[in-house]
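>>> Here is my input, please return the structure:
(one chain, ligands or ions: 1)
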Amino acid sequence: MYTLQRANKYIEDTRTQVIKDYRHDYHVMAPVGWINDPNGFIYYEGEYHLFYQYYPYKSVWGPMHWGHSKSKDLVNWESAPVALAPDQWYDKDGCFSGTTIEKDGKIYAMYTGHIEGEKPEDIRQVQCIAVSEDGNHFEKVAQNPVLDEDDLPDNAMPQDFRDPKVIQRGEIYYSLIASKFKDGGGQILLYKSSDLLKWEYVSVLLKGEKEEGYMWECPDLFELDGKDVLIISIDGLPTEGNKFSNTHSVLSIIGKMDWEKGIFHREVCEELDYGLDFYAPQTIMDAKQRRVMVSWMQMWGRNIPTDTLEHGWAGAMTLPRELSIKNNSMYQNPVNEISSYFTNHKVKHNIILIDETKEFADISTEVGVLSLEVNTQGSKRFDIEIRGNDGEKTSLTYDNESGSFILDRKQSGIKIIGKEPEALQQRYVHVKPVNHILKLDIYMDRASVEVFINEGEHTMTSTIYPTKTARKVTLRAKGKVEVLQMERHDIE
Ligand code: FRU
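Purely as a prediction, here's the structure:
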């Protein structure tokens, strides 16, 4: 039997046994055990609360709890007691993903109760509410489940009905819930409520085509810079050229929400991150009126070195990123609080490399940010190798002939193998330098790299696990490469 008390005691008893090697400095992790999706992200009474899908007892997925981390500045996080355990008949096999919203000074969490039976067809997913008066302790309400299979439209499967995102418009609360339709494919259902307890079905907000993946998960909907944006995480979206190369992909769809009809009209659809490890993001509007997003920095279906090496934990969140729309395209940048975290700076100007390789020992680092501004005119290609040692490196390459930017973790350290072909340890994104200038901000933590390209026009997020100290920074140029500025920010 899973209870909060058991989970919290287990964490207290075992947290000091977790092996520290790959523990991040500034990314959210669980104290011990497994995490996946961010849940219930909220700014409440002066603090950011980030909950997450959590199995404390092993560094693999198991019956889901909601873990909890808190922060005043989105950079320094402190771990709080577990918020939800699967301890009721309606969530006995997992308190799956969901969101929170503030009402009358309290936090309401809406999450999915996962109930298994003897056969896969017996699975039921229902929606539940838990209320907190202090942001830490949650009471599940007597009305649970507040939505179950009787509330589904005809074509929806009761086995896949999950991940409610609650939003408020005036006096009405809406919930977007991911669903699978009967002949196979994803859709987002819309429900409404005036008190967060009694819900009624409104519409199919968006239905996927057959070739758009077999299940949609973790929807999010918000207004940003005059547009409506729908974010969905998709299981099984077919690869298209260099896009959607992971088994699970995240789409950001800019469009128009018709609230009268409860229908979302798509305009521009983009992959949200082009790296290897990014899934199930969730956003909030914070007190500074920013749209801030956090995502799980991992991918389903691959080995996770901290699990296989028995380090006692697995999974982390991305840096919180501020979203904005420019030229109908989604931009992401790290929240600016991160800049005060890195107190140590080193700047270099005007480095010209012609068909040569150069190591920059004075800006080497393991944890920090490398920012580069490169004039690509006249270059054929160049590589920035980071997290290097003798034998290992993570390569970031700009190929001027094809316009591709490539992240390659083949030689990063411990091998990560998943369902994708091994060659797919590389990820590509097409970039367009403005007046030949390419800007890169590369955020490194103990086991991760997040690349922000051209002031956030594209991002690439990946985990990496060097086997020993890896701090070398090396540039390799083919043709003439002019680095106008290269900067390192860290804490060392
Ligand atoms: C997405 C997801 C969600 C589900 C949760 C279970 O990564 O599959 O759809 O609620 O993880 O942990």
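
>>> List the contacts of the residue nearest to residue 369 when sequence neighbours are not counted.
Counting by C-beta to C-beta, 6 or more residues apart in numbering, residue 369 lies nearest to residue 489, which is 4.6 Å off, once chain neighbours are set aside. All C-beta atoms are positioned from the backbone trio N, CA, C, and that covers glycine. Applying C-beta atoms under 8 Å, 6 or more residues apart in numbering to residue 489 gives the contacts 339, 342, 344-345, 368-369, 371.

>>> what's the spacing between the residue nearest to the spatial centre of the chain and the ligand?
Centroid-nearest residue in the chain: residue 295, 1.5 Å away (criterion: C-alpha atoms, centre = their mean). Note on residue 295: its distance to the ligand, by C-beta to the nearest ligand atom, to the nearest Å, is 10 Å.

>>> how about the residues of the protein near the ligand?
Applying C-beta under 6 Å from any ligand atom, we find that the chain lies next to the ligand at 36-37, 53, 64, 96-97, 112, 162-163, 217-218, 279-280.

>>> which two of those lie the greatest distance from each other?
With C-beta to C-beta as the measure, no two of the residues of the chain next to the ligand lie farther apart than 112 and 279, at 16.6 Å.

>>> Please name the nearest non-neighbouring residue to residue 258.
Per C-beta to C-beta, 6+ apart, closest to residue 258 is residue 265, 6.6 Å.

>>> List the beta-bridge partners for that neighbour.
residue 256 (DSSP bridges).

>>> one step back: on the three-state scheme, the residue nearest to residue 369 is what?
In three-state terms, and counting by DSSP: H, G, I helix; E, B strand; the rest coil, residue 489 is strand.

>>> cool, and residue 277?
Assignment for residue 277 (three-state DSSP): coil.

>>> Next one: it from residue 330, what distance?
19 Å (C-beta to C-beta, to the nearest Å).

>>> among the residues of the chain next to the ligand, which ones are buried?
Among these, those classed as buried by 16 or more other C-beta atoms under 10 Å are 36-37, 53, 64, 96-97, 112, 162-163, 217-218, 279-280.

>>> which ones are touching residue 426?
406-410.

>>> go on, residue 169?
Contacts of residue 169 (C-beta under 8 Å, 6+ apart): residue 259.

>>> Tell me the bridge partners for it.
residue 172.

>>> tell me what the longest helix along the chain is packed against?
Longest among the helix segments of the chain by residue count, using DSSP state H, is helix 4-14. With contacts taken as 3 or more C-beta pairs under 8 Å, 6 or more residues apart in numbering; DSSP states H and E, helix 4-14 sits against strand 77-84.

>>> List the buried residues of whichever helix or strand comes after the strand it packs on.
Counting by DSSP states H and E, the next helix or strand C-terminal to strand 77-84 is strand 95-103. By neighbour count with 16+ other C-beta under 10 Å, strand 95-103 contains the buried residues 95-101.

>>> and if you look at stretch 13-28?
Buried residues in stretch 13-28, counted by 16+ other C-beta under 10 Å: 15, 18, 22-24, 26-28.

>>> Let's see which of those residues end up in helices.
Using DSSP H, none of these sit in helices.

>>> Name the nearest of those residues relative to the ligand.
Distance ranking of these against the ligand, using C-beta to the nearest ligand atom, places residue 28 first at 15.8 Å.

>>> I'd assumed residue 49 was in contact with the closest one.
No: taking contacts as C-beta atoms under 8 Å, residue 28 lies outside contact range of residue 49: 11.2 Å.

>>> Common neighbours of these two, please.
Common contacts of residue 28 and residue 49 (C-beta under 8 Å, 6+ apart): residue 69.

>>> quick one: the strands in the stretch 151-300 of the chain?
156-169, 172-181, 186-193, 200-207, 215-224, 227-235, 248-258, 263-271, 279-285, 291-296 (DSSP state E, counting those that start in this stretch).

>>> will you turn these into TSV that also has distance to residue 86 and mean pLDDT?
Output for the strands of the stretch 151-300 of the chain, formatted as TSV (distance: least, C-beta to C-beta, whole Å; pLDDT from 0 to 100):
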stretch	distance to residue 86	mean pLDDT
strand 156-169	14	98
strand 172-181	19	97
strand 186-193	23	98
strand 200-207	26	98
strand 215-224	19	98
strand 227-235	22	97
strand 248-258	23	97
strand 263-271	32	97
strand 279-285	19	98
strand 291-296	19	98
